[in-house]
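**Q** Here is my input; please provide its structure:
(one chain, ligands or ions: 1)
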Amino acid sequence: MRVLFVAATEFEVGELKSKVKSQKSKQNNDGQGGQLPIDNCQLLITGVGMVATAYALGRELSTNRYDLAVNLGIAGSFDRNIALGEVVEVIIDTLAELGAEDDEKFLPIDEMGFGKGAFAASRSLNEIADLGLKNCSAITVNTVHGNEHSIAKLKQRMNVEIESMEGAAFFYACTEAKVACFQLRSVSNYVEKRNRDNWQIGLAVKNLNEVAIRLLDALAAQN
Ligand SMILES: O=C(O)c1cccc(C(=O)CC[C@H]2O[C@@H](n3cnc4c(=O)[nH]cnc43)[C@H](O)[C@@H]2O)c1
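**A** Below you'll find the predicted structure:
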């Protein structure tokens, strides 16, 4: 099975990268494949944001074939019932800023008649391993929310749990390329008035990599 792991920064998937690398070198040394489950497992680092993600994925998927793509990253949560450091599965993701202002109202791209702004996962982690993750809906933004007024305005028009800067672009590119995909996000912060002291990036990255390695092991067991 050919699997593409996609992250915005190497920092977010450091442990996963080491594991894949060490198993690949075992594979080269003993010819047995080590425990590496998948014949072509790649890690794509796209850079932060939806433009970088769409470009990097479009390029990768136009020249290489994959059976599955998995987006891994940290994220903000609107929902305080989700703990900092908790890993969730995003099943639908919307380009929240794509549309037009109509005075005080926001017109989503769908209502303007120029296509759609929401994109969905086409597979689920649960099909491979039941790790008990919550299913969530998300938005993808160019500007991380960090202002009470803009957060209140967003909450008035959308009811979502998670915010990232790449998720919807990842779903879009995979959908266009007809590659099965799902998205896992680990909550590093709540979406609130900017306060970097409250962020738990280290915990979120640690938990994200634990889940990613359990996924890799589950893929191994399937083979
Ligand atoms: O502002 C900073 O000092 C700072 C330092 C490290 C990272 C950041 C980010 O904004 C990370 C962006 C990165 O992480 C995802 N992410 C994490 N939290 C959020 C959020 O609340 N809203 C949107 N995206 C978030 C995002 O997908 C980026 O890849 C800032």
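**Q** ok, longest helix in this structure?
**A** Counting by DSSP state H, the longest helix found in the chain is helix 201-222.
**Q** and that helix, what's its mean pLDDT?
**A** The average pLDDT within helix 201-222 is 94.
**Q** What residues of that helix count as buried?
**A** 201, 203-205, 207-209, 211-212, 215-216, 219 (16 or more other Cβ atoms under 10 Å). All C-beta atoms are positioned from the backbone trio N, CA, C, and that covers glycine.
**Q** Dump these to a markdown table, plus distance to V48.
**A** Compiled in a markdown table, the buried residues of helix 201-222 are given as follows (distance: Cβ to Cβ, whole Å):
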| residue | distance to V48 |
| --- | --- |
| I201 | 13 |
| L203 | 20 |
| A204 | 15 |
| V205 | 14 |
| N207 | 20 |
| L208 | 16 |
| N209 | 18 |
| V211 | 21 |
| A212 | 19 |
| L215 | 23 |
| L216 | 24 |
| L219 | 27 |
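**Q** from those, which is closest to the ligand?
**A** Nearest to the ligand among these, counting by Cβ to the nearest ligand atom, is I201 at 6.3 Å.
**Q** which residue packs closest to the closest one, ignoring adjacent ones?
**A** Closest residue in space to I201, ignoring its immediate chain neighbours: S188 at 4.7 Å, by Cβ to Cβ, 6 or more residues apart in numbering.
**Q** Same question for A129.
**A** Nearest residue to A129 in three dimensions, chain neighbours excluded: A218, at 3.6 Å (Cβ to Cβ, 6+ apart).
**Q** For that neighbour, give its distance to L133.
**A** Separation of A218 from L133 (Cβ to Cβ, to the nearest Å): 13 Å.
**Q** OK, contacts around the residue of the chain found nearest the ligand?
**A** Closest to the ligand within the chain is G76: 2.1 Å, counting by Cβ to the nearest ligand atom. Contacts for G76 (Cβ atoms under 8 Å, 6 or more residues apart in numbering) come out as 144-145, 162-164, 187-191.
**Q** what about it, helix or strand, and which?
**A** strand 68-77 (DSSP states H and E).
**Q** Work out the gap between the helix or strand just after that strand and the centre of the chain.
**A** Toward the C-terminus, strand 68-77 is succeeded by strand 87-95 as the next helix or strand (DSSP H and E). Distance, stretch centre to chain centre, for strand 87-95: 7 Å (Cα atoms, centre = their mean, to the nearest Å).
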